[in-house]
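Visitor: got a predicted structure here, sequence first:
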Amino acid sequence: MPSGYLLASLAMLVLAPVSLAAWVLAAAAVQLGARRRVLAVCGAVPLVLGVVVVGPRMGAAASLAGAQVLGAAGTGAVPAWGLLGPLAGWFGRWALLTAPVGVPAGMVAAAVPPSRSALPAPEWEARERRAADRAEARTRKRATKRADREGADPRSNALAVSLGGMVASWRIGELVVPPPGQLGLAWLLVGAPGAGKTTAQYRLGYLAGLERRHLVVIDAKGGHDGLARGMVAAYLAAWSEARVRLFPTERLDIWRGDPQAVVNRLVEVWDWTAESSYWRESAMTALRLALGQPGPPCRSGAELVRRLDPAALERAWEHDPAALGLIRRMSQGKNNELGGVHIRVGNLVAALSGALDGEASWEDADCWIVTVPAMVASRDADSALRVLLSDYGHFTMARKQAGQPSLLMVDEFSAIAGGRRSAIDLLERGRGANAGVVLAGQSAVALGNEEERARLLAAASCILLFRTPQPAELAALAGTTREAEGAWSFDPSDPEPGRVTITTRAKARIDQDAVRQLPTGEADLIVRGVAERIRIIQTKPEAIAKARGLTELCAPAPARPVGDRELPAPSSPPQGQAAPRSPSASLDPAPPPRVRRHRPPVPGGAAGASPTTDRHNQEGQP
Ligand SMILES: Nc1ncnc2c1ncn2[C@@H]1O[C@H](COP(=O)(O)OP(=O)(O)OP(=O)(O)O)[C@@H](O)[C@H]1O
Ligand SMILES: [Mg+2]
């Protein structure tokens, strides 16, 4: 049985010979990246026009030639080879005449997708493997180039470039753009050292800046890898007017809120087991008495230590017999609870040496970078972090304006043993307050013990899985897909397979071996049970500043075809007291960048997404 390609080639050779050459050229263009759909449209329109214009002349020429050939052949006056010359001449004229139809017909033919064999290709075939490797290398190269361009583009709001997958709700063309509000949800970034987690966080910081989202970054590595500098540069690249503050270079004020809020924050400093709940109650009572006493609010650690002195507490509450009784029972009983709390707080205040008695707090800057010297003085750093995270929690829930977007990022989550509980609480509760949390760690185990891991995985709205030697637990979250699998049986005397059996099986969407070998900067994005391989865009603050400067000098800038909406209006102006402005990354504030927007899914429309994408899951989501 002749193949469809052979029959089509013969028909094209006879009907419009030029179409064969056009077919070959258009097929080469498809190989080089031309879109079949575009080719089909560009071919079909001139094809119809060509048929209308030259169709009648083609019909007349064909019938005349037919009559001449049949007439000559019938007389026998001319030998068969004598016909070749006129026939060749006629063929040339015919090719020219039919060219207006042949060229578009060839384009349309090249646009027809190849029929897929029902049999899966045997994976051991070297040709198959080579073709797959070549295709992968081409896709990677293209994605890397695109990511380089996007990283330097001041108008880009993309997180990454897609290398293929099913997270259609994040994809705009070949770019991966977090849907609106996604930075207000929970993210987990997991990957081996050097896999690209920090670079991804810079990009998220840049995206937060674009949204005018308040940002707090906890650098639990102690500033060894220059995270603060990279993050500030990325944030300012998006928002050159943002106010940035660094801790501990600048001290933080953790004494804001009512006395009860400060008590809750301070009590977080110590680990309390179920058995020590009595001591927890005692500490809370003592702190409440010290912080809630009549008079001005407590503004520093040293003052709190002074207030916790039993004699001072008694003086402050001498008008209140009930409180006085409580203080005496706590200071004169056999347990001397007040003395215990006094010592603990004194120790803490000495360790922090005023770092938390500053004038500024979270609301006084658009971006705070908190560098925790975790590896140097781990216990003190741990205490500071517990208080800071607890205070940040109070800021997101009670002090920031309703709806003001915020984002907390923790690089090296495993290093913040103390603040882990607060961070997990924030991650679980932040959604309602539009406060997102991004936690980065080197492995799933680094996310905490089994219970903490389970809580994090349950609350995470998306996971970026970078190269890691143990991807099993996270890769499983992307679920499975059904795939055809072939089994070939061989006759010992015949190298060709005799029988092929096809079965469909559930296959993991994320191949764990592929995750173990991922190049730096690539990750699997896991969202609602589906996955997409992506190349993270590395933000290039200098190039962005330069581009912005040039754009301003050469205004008006040429419009870009991709932008179809303006950024959401910058959120409420930064609150709180005035703070010194950080150095601007460009000459003038940039005009609001134009960004790509997700279009709502077309009901019943193909929209380029396969039915197994997550697009339908997206419906009804905020
Ligand atoms: N998306 C990317 N594009 C280009 N280069 C990248 C990308 N991601 C990472 N790199 C390169 O890899 C280097 C290491 O990346 P990064 O610091 O982000 O890794 P990490 O996972 O944070 O490592 P660690 O766990 O040690 O902190 C970067 O300095 C950068 O040069
Ligand atoms: Mg890092």
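Guide: Sure thing, it's come through. Ligands and ions are numbered 1, 2, ... in the order given.
Visitor: what does the stretch 401-550 of the chain put close to ligand 1?
Guide: 442, 520-521, 536, 538 (CB under 6 Å from any ligand atom). All C-beta atoms are positioned from the backbone trio N, CA, C, and that covers glycine.
Visitor: of these - the most surrounded one?
Guide: Using other CB atoms under 10 Å as the neighbour criterion, residue 536 leads those with 28 neighbours.
Visitor: from the residues of the stretch 401-550 of the chain next to ligand 1, pick the one nearest ligand 1.
Guide: For those, the residue nearest ligand 1 by CB to the nearest ligand atom is residue 521; the value is 2.8 Å.
Visitor: got phi/psi on the residue nearest to that closest one when sequence neighbours are not counted?
Guide: Distances taken as CB to CB, 6 or more residues apart in numbering place residue 196 nearest to residue 521, at 4.4 Å, with adjacent residues excluded. Per-residue torsions, residue 196: phi 120, psi 20 (degrees, to the nearest 10).
Visitor: ok, residue 190 next?
Guide: phi -130, psi 130.
Visitor: point to the residue nearest the middle of the protein.
Guide: residue 159 (5.0 Å; CA atoms, centre = their mean).
Visitor: what about that one, distance to residue 217?
Guide: 17 Å (CB to CB, to the nearest Å).
Visitor: repeat that for residue 240.
Guide: Applying CB to CB to residue 240 and residue 217 gives a distance of 18 Å.
Visitor: next one: residue 461
Guide: 19 Å.
Visitor: more neighbours, these two?
Guide: residue 217 (26 against 17).
Visitor: contact partners for the more buried one?
Guide: Counting by CB atoms under 8 Å, 6 or more residues apart in numbering, residue 217 touches 201, 205, 227-228, 231, 367-370, 408-411.
Visitor: any idea of the mean pLDDT in the host helix or strand of residue 130?
Guide: Residue 130 is part of helix 126-151, with elements assigned from DSSP states H and E. Mean pLDDT, helix 126-151: 89.
Visitor: do the helix or strand following that helix and ligand 1 meet at all?
Guide: Going down the chain from helix 126-151, the next helix or strand is strand 160-165, by DSSP H and E. No - with CB under 6 Å from any ligand atom as the criterion, ligand 1 is not reached by strand 160-165; the gap is at least 7.9 Å.
Visitor: show me what strand 160-165 is packed against.
Guide: helix 126-151, strand 175-176, strand 522-527, strand 530-536 (3 or more CB pairs under 8 Å, 6 or more residues apart in numbering; DSSP states H and E).
Visitor: what angle do helix 126-151 and the third one make with each other?
Guide: Between strand 522-527 and helix 126-151, the angle formed by their directions is 80 degrees, by axes from the mean of the first three to the mean of the last three CA atoms, to 10 degrees.
Visitor: now residue 261: closest residue in space that isn't a chain neighbour?
Guide: For residue 261, the spatially nearest residue (CB to CB, 6+ apart) is residue 394, at 5.3 Å.
Visitor: taking the mean pLDDT, what do you get for the helix or strand that that neighbour is a member of?
Guide: Using DSSP H and E, residue 394 maps to helix 378-394. Mean pLDDT, helix 378-394: 82.
Visitor: list the contacts of residue 291.
Guide: Taking CB under 8 Å, 6+ apart as the test, what residue 291 contacts is 259, 262-263, 297-298, 304, 307.
Visitor: now the angle from the helix or strand where residue 409 lies to helix 378-394?
Guide: Secondary structure from DSSP H and E places residue 409 in strand 406-411. Taking the same axes, to 10 degrees, strand 406-411 and helix 378-394 form an angle of 160 degrees between their directions.
Visitor: export strand 406-411 as PDB, just CAs?
Guide: Backbone C-alpha positions of strand 406-411 (Å, rounded to 0.1, in the frame of the first residue of the first chain) are rendered in PDB as follows:
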ATOM      1  CA  SER A 406       3.200  41.900  51.500                       C
ATOM      2  CA  LEU A 407       5.600  39.100  51.000                       C
ATOM      3  CA  LEU A 408       8.000  37.300  53.400                       C
ATOM      4  CA  MET A 409      10.900  35.400  51.900                       C
ATOM      5  CA  VAL A 410      13.100  33.100  54.000                       C
ATOM      6  CA  ASP A 411      16.300  31.900  52.300                       C
END
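Visitor: can you list contacts of it?
Guide: 183-184, 197-198, 201, 204-205, 208, 213-221, 227, 392, 395-396, 400, 416, 419, 423, 426, 430, 433-440.
Visitor: now, which of these lie within strands?
Guide: Counting by DSSP state E, the contacts of strand 406-411 place 214-219, 435-440 in strands.
Visitor: redo these as TSV? Include pLDDT.
Guide: TSV is the format used below for those (pLDDT from 0 to 100):
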residue	pLDDT
214	96
215	97
216	96
217	95
218	92
219	90
435	91
436	93
437	93
438	94
439	92
440	93
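Visitor: buried subset of these?
Guide: 214-219, 435-440 (16 or more other CB atoms under 10 Å).
Visitor: just those residues now: which is nearest ligand 1?
Guide: Once CB to the nearest ligand atom is applied, the member of those that ends up nearest ligand 1 is residue 440, at 7.2 Å.
Visitor: pLDDT at the closest residue to that closest one other than its chain neighbours, what is it?
Guide: Nearest in space to residue 440, with sequence neighbours left out and distances taken as CB to CB, 6+ apart, is residue 189 at 4.0 Å. What the model reports as pLDDT for residue 189 is 95.
Visitor: three-state assignment of residue 189?
Guide: strand (DSSP: H, G, I helix; E, B strand; the rest coil).
Visitor: pretty sure it contacts residue 439?
Guide: Yes - using CB atoms under 8 Å, residue 189 is in contact with residue 439, at 7.1 Å.
Visitor: adding neighbour count, write the contacts of residue 217 out as CSV.
Guide: Rendered in CSV, the data for the contacts of residue 217 read as follows (neighbours: other CB atoms under 10 Å):
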residue, neighbour count
201, 25
205, 30
227, 24
228, 18
231, 27
367, 25
368, 25
369, 25
370, 23
408, 28
409, 24
410, 29
411, 23
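Visitor: can you show me the helices along the stretch 151-300 of the chain?
Guide: 197-210, 227-238, 259-267, 277-291 (DSSP state H, counting those that start in this stretch).
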